[in-house]
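Visitor: Next input, structure requested:
(chains A, B, C and D)
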Protein chains: 2
Amino acid sequence: MGATKTDHFSEEQNKLAVMMKALGHPARIAIMEHLISVDSCICGDLVNVLPLAQPTVSQHLKELKNAGLIKGNIEGTAICYCVDKDAIAELQRYLANTTLQLEHKEKSCC
Amino acid sequence: MGATKTDHFSEEQNKLAVMMKALGHPARIAIMEHLISVDSCICGDLVNVLPLAQPTVSQHLKELKNAGLIKGNIEGTAICYCVDKDAIAELQRYLANTTLQLEHKEKSCC
DNA sequence: ATACTATATTGCAATATTACGATATAATGC
DNA sequence: GCATTATATCGTAATATTGCAATATAGTAT
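Guide: Prediction:
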């Protein structure tokens, strides 16, 4: 008990859930927002921007990377992290489609 | 240690994270999809549709409700759950805006 | 009132997440 | 080489999530 029953759901449902889960923490929302706002994607300043210790930030970055939401490269001296546009676009499409489906619905009883 | 540092982030970041987190589980994605696909929003069939026991489904529904993603009413004999369109629309707007911002970015180094 | 049906709550075990100090790694500059 | 700087990993404590059996609650039907 306790482990998510991943294999009982569709590939797409799991992939979406992984991405959503990665965004399901305010620090990771903040990281994404910062990565987007800074035009250059070198981001050694993340630790200064966030109210979290360096190992914690590093861990959050890793999770975002595992979820496919950001990409990271070693760029000589600094590390370069940046948003994966395709992943965000995929999420966006899913929600746009969901919104569309909802608009076509007649009546909500709630 | 171990508790999320909610108070160090903005209200908006936290609210978004709560919604994303609620969608960060395949069962809850499946629940949302089912609620959307079924036009009537009475959903006593959720337990039959999902590969989870009744208490587990009930708990997931509670979490979606706490996150503001669904609404629930007692409707005479059955319980009526349905998607909160406004919440989905909010999420969708956020992601649409994010996508827009990304499109305006010059170059990614990754 | 009793039985039946549907949903919620409780309690608990297994697992996962969050956070960070300490430490490791890797590149740069001297 | 050694110090400095930046990021990652390890280890671990605190907390949260997941899942379900057992039980409670609330409505309908007889």
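Visitor: How about the helix or strand hosting residue A:80 and DNA strand C, any contact?
Guide: Taking DSSP states H and E as the definition, one finds residue A:80 inside strand A:78-83. No - Strand A:78-83 does not reach DNA strand C (CB under 7 Å from any atom of the strand); its nearest approach is 8.8 Å. To be clear about C-beta, it is placed using only N, CA and C from the backbone, and glycine gets the same treatment.
Visitor: Report the mean per-residue pLDDT for that strand.
Guide: Averaging pLDDT along strand A:78-83 yields 82.
Visitor: roughly how far out does the following helix or strand past that strand sit from the chain middle?
Guide: The first helix or strand that comes after strand A:78-83 along the chain, using DSSP H and E, is helix A:85-104. Relative to the chain's own centre, helix A:85-104 is displaced by 15 Å; criterion: CA atoms, centre = their mean, to the nearest Å.
Visitor: Could you quantify the relative orientation of helix A:85-104 and strand B:78-83 as an angle?
Guide: With axes from the mean of the first three to the mean of the last three CA atoms, to 10 degrees applied, the angle from helix A:85-104 to strand B:78-83 works out at 130 degrees.
Visitor: Just the buried positions in the strand holding residue A:80, please.
Guide: A:80, A:81, A:82, A:83 (16 or more other CB atoms under 10 Å in any protein chain shown).
Visitor: which of those lies closest to DNA strand C?
Guide: For the buried residues of strand A:78-83, the closest approach to DNA strand C (CB to the nearest atom of the strand) belongs to residue A:80, at 12.6 Å.
Visitor: Which other helices and strands does the strand holding residue A:80 contact?
Guide: In terms of contacts (3 or more CB pairs under 8 Å, 6 or more residues apart in numbering or on different chains; DSSP states H and E), strand A:78-83 is packed against helix A:26-37, strand A:70-75.
Visitor: Can you name the residues in contact with the first one?
Guide: In this case it means helix A:26-37. For helix A:26-37, the surrounding residues in contact (CB atoms under 8 Å, 6 or more residues apart in numbering or on different chains) are A:22-23, A:41, A:43, A:46, A:49-50, A:52, A:56-57, A:60-61, A:63-64, A:69-70, A:81-83, B:4-6, B:8-10, B:13-14, B:16-17, B:20, B:98, B:101-102, B:105.
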